[in-house]
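Trainee: structure for this input, please:
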Amino acid sequence: MRAKTVVNPIIDWSETDVWDYLHDCDCQSNPLYQCGFDRVGCIGCPMADKKRYMEFRRYPKYKEMYIKAFDRMIAADPSRYRWKNGQECFEWWMGEDPNQIRLILGDEI
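Mentor: Purely as a prediction, here's the structure:
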């Protein structure tokens, strides 16, 4: 990182600041924002939490591709994973596996 300067000019902007800027400068936003998305990036991103279900309903081929990729991952080294197939791994990915370890905060159970 010699002789490099990293600048993040909007790092402390609120969501309102960003939308105000786009409006004031007459900039177009990604059309997915007008379709109910509040983040645009990878489909199925864990950071999207439960909204991933909407993404996979809207783009079912991506769900199929995730499952196929998980199938290939498991087939490459089956002894490394506890899942039998890509579908089981996908369910874990989506947080649907009842055996998945969950972080418990405070009095939550």
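
Trainee: per the record, what domains does this structure have?
Mentor: 13-41, 43-99 (automatic domain parsing).

Trainee: report all helices and strands that the top helix by length along the chain contacts.
Mentor: Ordering each helix of the chain by length in residues (DSSP state H) puts helix 60-76 first. Here helix 60-76 touches helix 51-58, helix 86-93, going by 3 or more Cβ pairs under 8 Å, 6 or more residues apart in numbering; DSSP states H and E. Every C-beta, even on glycine, is put in place using the N, C-alpha and C of the backbone.

Trainee: poorly predicted segments of this structure, please.
Mentor: Applying pLDDT under 70 to the chain flags the ranges 1, 100-109.

Trainee: so what's the residue nearest the centre of it up against?
Mentor: The centre of the chain sits closest to residue 45, judged by Cα atoms, centre = their mean, with a distance of 1.1 Å. Shown in contact with residue 45 (Cβ atoms under 8 Å, 6 or more residues apart in numbering): 39, 52.

Trainee: need the phi and psi values for it.
Mentor: Note on residue 45: its backbone torsions stand at phi -60, psi 130 [degrees, to the nearest 10].

Trainee: redo the domains of the chain as JSON lines? Include distance to residue 4.
Mentor: Output for the domains of the chain, formatted as JSON lines (distance: least, Cβ to Cβ, whole Å):
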{"stretch": "domain 13-41", "distance to residue 4": "23"}
{"stretch": "domain 43-99", "distance to residue 4": "27"}
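
Trainee: pick the most buried one from the ones you listed.
Mentor: domain 43-99 (a mean of 14; mean count of other Cβ atoms under 10 Å).

Trainee: between the two ends of that domain, how far is it?
Mentor: Its start and end residues considered, domain 43-99 measures 24 Å (Cα to Cα, to the nearest Å).
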